[in-house]
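K.L.:
A predicted structure for the sequence below; I have some questions about it.
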Amino acid sequence: MIPVPAAVVEAVDGPVAAVAGERVEISVAPPGPVPPADVVYLSVAELVESGLLQELNRRFLHPLGFALAVDKAASRLHGIWDCRDDPEGIVFADLSDADAWEKYNRVEAIARNRHRWRRSLLGWVVQPIGDRREVG
């Protein structure tokens, strides 16, 4: 038998000591903001097919030396490549085919629509640093 020390867990009402072998239920809130109950998640397949992955990488991550990688076969996010040590960063091998143009055009259509609404409703497209809003 291996002795197991008591654990101290930070609970909502303060620390709770758990004795070895004792069952303790712990509810852990996810880091960051909690999404609304009716939030809709984008599948990995839709992320790829819509062009969002291509354009997120091409426009934002690649120039910074990163790439969001997906495992299409397993339909999951694989991780973010960190290539900041490479002065050129990351580039796609070929963006000249019809598929790349279709993805670009899909994202552009989404962006035009969303930008129009955000500019109209909020006064900006990209939230400025220093902006503070009541959430709830």
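P.N.:
Yep, that arrived.
K.L.:
pLDDT below threshold where in the chain?
P.N.:
Low-confidence regions of the chain, defined by pLDDT under 70, span residues 1-32, 135-136.
K.L.:
mind listing the helices for it?
P.N.:
With DSSP state H as the criterion, the chain has helices at 44-49, 52-56, 62-64, 98-122.
K.L.:
Turn those helices into TSV, including distance to Asp38.
P.N.:
Placement of C-beta: from N, CA and C, glycine included. Shown next, in TSV, are those (distance: least, C-beta to C-beta, whole Å):
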stretch	distance to Asp38
helix 44-49	18
helix 52-56	21
helix 62-64	33
helix 98-122	19
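K.L.:
Out of these, which is the most enclosed?
P.N.:
helix 52-56 (a mean of 19; mean count of other C-beta atoms under 10 Å).
K.L.:
wait, what's in contact with Leu53?
P.N.:
47, 68, 70 (C-beta atoms under 8 Å, 6 or more residues apart in numbering).
K.L.:
between those residues, which is nearest Leu56?
P.N.:
Of all the contacts of Leu53, Leu68 has the smallest distance to Leu56: 6.1 Å, by C-beta to C-beta.
K.L.:
So the closest one is in contact with Leu61, correct?
P.N.:
Yes - the criterion here is C-beta atoms under 8 Å, and Leu68 meets it with Leu61 at 5.9 Å.
K.L.:
wait, which of the helices of the chain is closest to Asp82?
P.N.:
Using C-beta to C-beta, these put helix 62-64 closest to Asp82, at 9.8 Å.
K.L.:
Can you pull out the residues in contact with the closest one?
P.N.:
84, 89-92.
K.L.:
contacting residues for Gln54?
P.N.:
48, 92, 100, 103-104, 107.
K.L.:
for this protein, what spans make up the strands?
P.N.:
In the chain, the strands defined using DSSP state E lie at 7-11, 14-18, 66-71, 76-82.
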